[in-house]
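*Asks:* Mind folding the following:
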Amino acid sequence: FKFASAGTYYLRVEAKDSLGKVAAKQFKIAVNSINPMNINSSSISATLLCTSQSVKLTTRTAYASGAVKYRYSYHIYGGNWVNCGDYSNTSSRYFTFYNNGIYYIRVEAKDNTNKVVSKEFKVNVYDSKTKNVSVGTTLQNSADWKSTSTANVPRNAKVNVIMQTGKWYYVKYNNKIGYIYNLSFGGSRNYNTISKSTLSTVADDIIFSKGKSIEQLFNYVNSMSYSNVNNASLEDLCVYILKYRRGACYHRAGLLYYLLDRAGFETIRITDGIDKYTGGSPHNWCMVKTSSGWKHIDPTPVIGLSKFYLVNDNTIAPYFSWDRNKYPKAP
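*Replies:* From the prediction side, this is the model:
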């Protein structure tokens, strides 16, 4: 039992046997108020700064055990924790970073009974040299297209690099920090050697270069040639159509599903539909959730029909059938 405030409490335990007989015992507990040692306030002058700039950390501690006497120790993490020296009575200290990256500063406060409390701060240090973004893109909250976009970064915009992580750059742009996809600095894409292990990277390349809206990704898949080839797993379907630029309905629906999902859209792949127009052959397409609800989206052109792009159940029902109990309604 843990008590959040001072006062008098009673605890009772009851024991019951298999016949329903109950025995009880009660205990009285007095809980006193205490003031545990803590870092009362601790502030850092900046968490975003340029290389060679200094940042100040100031700490105030309260409720030491025994006579009031505090000593402080500082540590920096930039890949490994480094101790900045022995404990001293210095409660404020300046730090300077000469390389860009993500750092952590930790202050430890110790009282005269050797009790220690600590607090950490994350500091983003950006390179003083700017890089030009060769293609317009977006600033993401994390290295993932599914994350929130916080700003549009136009072509030829200048950014300061904090660090590179995988295929993304963590940058400062207009006093905002976030991630941009690294092909915005230039690069080439070769799909001839694509495999399942590189599929996610190629998908990010496509989202970056073709756009991350539903329409842009639909048009990209819809522009590929049709070819009736063997079915396979989702990853194999995507690898095949990207490598050879052609595929059947299940390749095209598979790739559109993969791209929409990676771009952050809630999407479903219909894998057991029936094409009434061609006499009852199997057909695959997708459903995607939009601001107006679920809609059907089919990236496979059908002879004699216009493309089905974000349509409701009634529009697509004369041509395709599907298990309506299995998939959401598209009003």
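*Asks:* can I assume residue 318 sits in a strand?
*Replies:* No - the assignment for residue 318, made by DSSP: H, G, I helix; E, B strand; the rest coil, is coil rather than a strand.
*Asks:* Isn't it up against residue 276?
*Replies:* Yes - with contacts counted by CB atoms under 8 Å, residue 318 reaches residue 276, the gap being 7.2 Å. All C-beta atoms are positioned from the backbone trio N, CA, C, and that covers glycine.
*Asks:* Please compare these two by neighbour count and tell me which comes out ahead.
*Replies:* residue 276 (14 against 10; other CB atoms under 10 Å).
*Asks:* dump the residue contacts of that one.
*Replies:* Residue 276 is in contact with 318-321, counting by CB atoms under 8 Å, 6 or more residues apart in numbering.
*Asks:* burial measure for the closest residue to residue 130 other than its chain neighbours, as a count.
*Replies:* Spatially, and ignoring its direct neighbours in sequence, residue 130 is nearest to residue 158 (4.0 Å; CB to CB, 6 or more residues apart in numbering). Counted with other CB under 10 Å, residues neighbouring residue 158 total 13.
*Asks:* partner residues bridging residue 158?
*Replies:* In this entry, residue 158 is beta-bridged to residue 132, by DSSP bridges.
*Asks:* With the one 10 residues further on instead?
*Replies:* Residues found in beta-bridge contact with residue 168 (criterion: DSSP bridges) are residue 165, residue 181.
*Asks:* Let me see the contact set for it.
*Replies:* 140, 143, 179-182.
*Asks:* Let me know the closest of these to residue 295.
*Replies:* Lowest distance from residue 295 to the contacts of residue 168 (CB to CB) belongs to residue 140, with 25.2 Å.
*Asks:* tally of neighbours for that closest one?
*Replies:* Residue 140: 21 neighbours (other CB under 10 Å).
*Asks:* Let me know whether it touches residue 153 as I believe.
*Replies:* No - using CB under 8 Å, residue 140 is not in contact with residue 153, being 10.1 Å away.
*Asks:* Now for these two: what residues contact both?
*Replies:* Joint contacts of residue 140 and residue 153 (CB under 8 Å, 6+ apart) are residue 180.
*Asks:* what residues does stretch 69-85 touch?
*Replies:* Under CB under 8 Å, 6+ apart, the answer for stretch 69-85 is 57, 59, 61, 64, 86-91, 93, 95, 97, 99, 101-112.
*Asks:* Dump the C-alpha coordinates for it into CSV.
*Replies:* Taking Å, rounded to 0.1, in the frame of the first residue of the first chain, the C-alpha atoms of stretch 69-85 are listed here in CSV:
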residue,chain,number,x,y,z
LYS,A,69,24.6,21.7,1.2
TYR,A,70,24.5,20.7,-2.4
ARG,A,71,27.2,19.6,-4.9
TYR,A,72,26.7,19.3,-8.6
SER,A,73,28.1,17.1,-11.4
TYR,A,74,27.5,17.3,-15.1
HIS,A,75,27.6,14.8,-17.9
ILE,A,76,27.2,15.0,-21.7
TYR,A,77,26.0,12.3,-24.1
GLY,A,78,26.8,12.5,-27.8
GLY,A,79,27.1,8.7,-28.4
ASN,A,80,28.7,8.0,-25.0
TRP,A,81,28.2,9.6,-21.6
VAL,A,82,31.2,11.8,-20.6
ASN,A,83,31.7,13.0,-17.0
CYS,A,84,32.5,16.7,-17.0
GLY,A,85,34.3,16.6,-13.6
